[in-house]
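# Below is the sequence, then the predicted model.
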Amino acid sequence: AFLSRSHMYFKQGNFDAAFQDASRSLEIDPTQKVAYGLRGNILMQRREFDRAMVEYESILKINPDQAEALSCRGLIRFKKRDFEGALEDSTRTLELDPRMSGAYYVRGSALPYLNRSEEAIRDLSKAIDLDSTCEEYYVSRAFAWTMGGTLDRALEDCRMALSLNPGSAMAHHYQGVIHRRRHEWDKAIADQTRALEVDPRYAPALYERALARSGNDDVEGVIQDCSLTLEIDPKAAPVYALRGNALLKDGKQGPAEKDLTEAIALDSKCVLAFSSRASLYCQLKDWEKAIPDCSRAIELAPEQVDSWINRAQARYSLGELREALEDINQALTLAPNNLMAHNLRGMVRCQSKDWAKAIEDYSRVIQLNKECAVAWVNRGFARAALGDWSTALYDCEKGLQWMGKDDPSRPAVEEWVRKTRASLGRTSD
């Protein structure tokens, strides 16, 4: 009687009463697998995944081959980011019941995180073949398409999911992820906002909206969304890293360092945290601290140009010219038209008195951006070092033309120009 009434309450959405009756049923007969399953399903609805896991494992102690319990445990393992465990449970489920769409869904959802997107798409397509009315299957396949770089197909699946359930927070969320990947910042923000209208505590949507706002240079919005995310998930390393990066852009160096250090403590492989903290230490001219952070960021993501440039800047500032030049050359291999790298290499070459090569670098900077005052001035000084005073004077005058009136180096350049004019016998423009 308790078990029947528990089923009734569950269907009505009265989960507290359903849980209570299922518990009473288990007091009478602790081998009732259905009662454990009901309690597990209720706890899943409440997102109490650890407690739900206990219920499904109680079923599996009674019957290790209970397919539904295996599938549910696999889903919990997926939600807890135990992707190997989710894969194991869903595969075993499908051996027992090859027509269980939910098991294909769990396995297909886990596979992209194991760099197996093609297999994921096959599994999720099978889940859709078995049940074409579940929007979550389309959303997960959209994620698999996204991980594989097929954004158009991903967008089609999100739209299909939303046609089945216009109020699906997950579908709006993943559609926003796709728009962000395509650098469609406003569309991405709108999608995540719609997801949050459905579920205001949907942490992935808050974090994704923060990422989209970062692309839109909305620093305050990034900080706000990251702070809300951390209220829900205070152990999310990428969120601390993103907020720390935004705080750094906002000039709040102390809070930025605190967030970035927290991100690193939570995740020693968080590239954004290491690269952003390295940038912070470069701003503070704390070169000894900057170098190990740059090195760690390079180790984790050697394709990121900024880390090579920051380490080169730190090594240059410490007088390690050969090592700095090696880093700059690597940066320019990755990004041949990077202005900062060319400008920094010019500085290193000037320090090494390789004036001709320095002039080549500054000329490249000017070619890419004729308004770069530093490049004009530095090229002028390099030409002066070679005795080409007339052309050096022209370059420095062009530098002053583009230099801000409040630039701290302006008085020294103006004085150099005045003296050089006088030495060349030039008293007017």
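Alright, I've got the coordinates.
# can we go C-alpha only for contacts and neighbour counts from here?
Noted.
# Under the pLDDT cut-off, which ranges of the chain? List them.
Under the criterion pLDDT under 70, the flagged ranges of the chain are 427-429.
# What segments of it are strands?
Taking DSSP state E as the test, none of the chain falls into strands.
# Closest to the mean position in it, which residue would that be?
The residue at the geometric middle of the chain, judged as the C-alpha nearest the mean C-alpha position with Cα atoms, centre = their mean, is Pro238 (6.5 Å).
# I'd say Tyr316 and Ala324 touch.
Yes: applying Cα atoms under 8 Å as the test, Tyr316 and Ala324 come out as touching, 5.4 Å apart.
# So between these two, which is more surrounded?
Just comparing Tyr316 and Ala324: by other Cα atoms under 10 Å the higher neighbour count belongs to Ala324, 25 against 21.
# now the more buried one, nearest residue through space, not along the chain?
With Cα to Cα, 6 or more residues apart in numbering as the measure, Ala312 is the residue that lies nearest to Ala324, at 4.2 Å, once sequence neighbours are left out.
# what's the distance between the one you found and Ala22?
Counting by Cα to Cα, to the nearest Å, the gap between Ala312 and Ala22 amounts to 65 Å.
# quick one, which of the two is more surrounded?
Taking neighbours as other Cα under 10 Å, Ala312 and Ala22 compare with Ala312 leading, 30 against 24.
# Let me know whether the more buried one touches Arg322 as I believe.
No: applying Cα under 8 Å, one finds Ala312 not in contact with Arg322, separated by 9.6 Å.
# so what's in contact with those two at the same time?
When contacts are counted by Cα atoms under 8 Å, 6 or more residues apart in numbering, Ala312 and Arg322 are jointly contacted by no residue.
# number of nearby residues for the nearest residue to Ser390 once chain neighbours are set aside?
Closest residue to Ser390 apart from its sequence neighbours, by Cα to Cα, 6+ apart: Leu424 at 7.8 Å. As a burial measure, the neighbour count of Leu424 was computed by other Cα under 10 Å and equals 11.
# Check Asp233 too.
As a burial measure, Asp233 scores 14 neighbours (other Cα under 10 Å).
# quick one on the thing from earlier: now for the residue nearest to the centre of the chain: which residues touch it?
Listed by Cα under 8 Å, 6+ apart, the contact set of Pro238 reads Ala263, Cys270, Leu272, Ala273.
# so who does Ser168 touch?
With contacts taken as Cα under 8 Å, 6+ apart, Ser168 has the following neighbours: Glu135, Ala161, Leu162, Ala195, Val198.
# Kindly recompute the last result at 7 Å.
By Cα atoms under 7 Å, 6 or more residues apart in numbering, Ser168 lies in contact with Leu162.
# Report the separation between the residue lying closest to Leu339 once chain neighbours are set aside and Cys372.
Beyond its immediate neighbours in the sequence, the residue positioned closest to Leu339 (Cα to Cα, 6+ apart) is Val365, lying 5.5 Å away. Val365 sits 7 Å away from Cys372, taking Cα to Cα as the criterion.
# One more: Gly387?
As for Gly387, its distance to Cys372 is 23 Å (criterion: Cα to Cα).
# Could you check which of the two has the larger neighbour count?
When Gly387 and Cys372 are compared on other Cα under 10 Å, the one with more neighbours turns out to be Cys372, at 19 against 11.
# Now that the more buried one has come up, it's in contact with Arg364, right?
No: in this structure, Cys372 sits apart from Arg364 without contact. The criterion is Cα atoms under 7 Å, and the distance is 10.9 Å.
# list residues touching both of these two?
Common neighbours of Cys372 and Arg364, using Cα under 7 Å, 6+ apart, do not exist here.
# so who does Cys396 touch?
With Cα under 7 Å, 6+ apart as the criterion, the residues that contact Cys396 are Trp376, Val377, Gly380, Val417.
# And the closest residue to Ser6 other than its chain neighbours, how far from Trp145?
Take Ser6 and drop its neighbours on the chain: the residue closest to it by Cα to Cα, 6+ apart is Ala18, 4.2 Å away. Computed as Cα to Cα, the Ala18 to Trp145 distance reads 39 Å.
# Equivalent analysis for Tyr137, please.
12 Å.
# now do Val348
Where Trp145 is concerned, Val348 sits at a distance of 45 Å (Cα to Cα).
# just to revisit the earlier point, tell me the most packed of the contacts of Cys396, by neighbour count.
When the contacts of Cys396 are compared by neighbour count (other Cα under 10 Å), Trp376 ends up highest, at 28 neighbours.
# That residue and Tyr316, how far apart?
Between Trp376 and Tyr316 the computed distance is 20 Å (Cα to Cα).
# what's the answer for Ala154, then?
For Ala154 relative to Tyr316 (Cα to Cα), the value is 46 Å.
# Over to Val222?
Looking at Val222 against Tyr316, where the rule is Cα to Cα, the gap reads 33 Å.
# residues touching the residue nearest to Ala324, list them.
Ala324, Leu325, Asp327, Ile328.
# follow-up on the earlier one: higher neighbour count, Ala18 and Trp145?
When Ala18 and Trp145 are compared for neighbours, Ala18 comes out ahead with 26 against 23, by other Cα under 10 Å.
# isn't the more buried one right up against Phe10?
Yes: taking Cα under 7 Å as the definition, Ala18 is a contact partner of Phe10 at 5.4 Å.
# what's the distance between Ile366 and Lys357?
From Ile366 to Lys357 the distance is 15 Å (Cα to Cα).
# In contact with Arg349, which residues?
Shown in contact with Arg349 (Cα under 7 Å, 6+ apart): Trp355, Lys357, Ala358.
# For the residue nearest to the first one when sequence neighbours are not counted, give me its contacts.
Put plainly, it is Trp355. Spatial nearest neighbour of Trp355, excluding adjacent residues (Cα to Cα, 6+ apart): Ala382 at 5.4 Å. Going by Cα under 7 Å, 6+ apart, Ala382 touches Cys350, Trp355, Ile359.
# Apply the buried test to those and list what passes.
Neighbour counting by 16 or more other Cα atoms under 10 Å classes Cys350, Trp355, Ile359 among the contacts of Ala382 as buried.
# Let me have those residues in CSV, extended by distance to Thr229.
Listed next are these as CSV, based on distance: Cα to Cα, whole Å:
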residue, distance to Thr229
Cys350, 48
Trp355, 52
Ile359, 49
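# Of those residues, which is the nearest to Gln175?
Comparing the buried ones among the contacts of Ala382 against Gln175 with Cα to Cα places Ile359 closest, at 48.5 Å.
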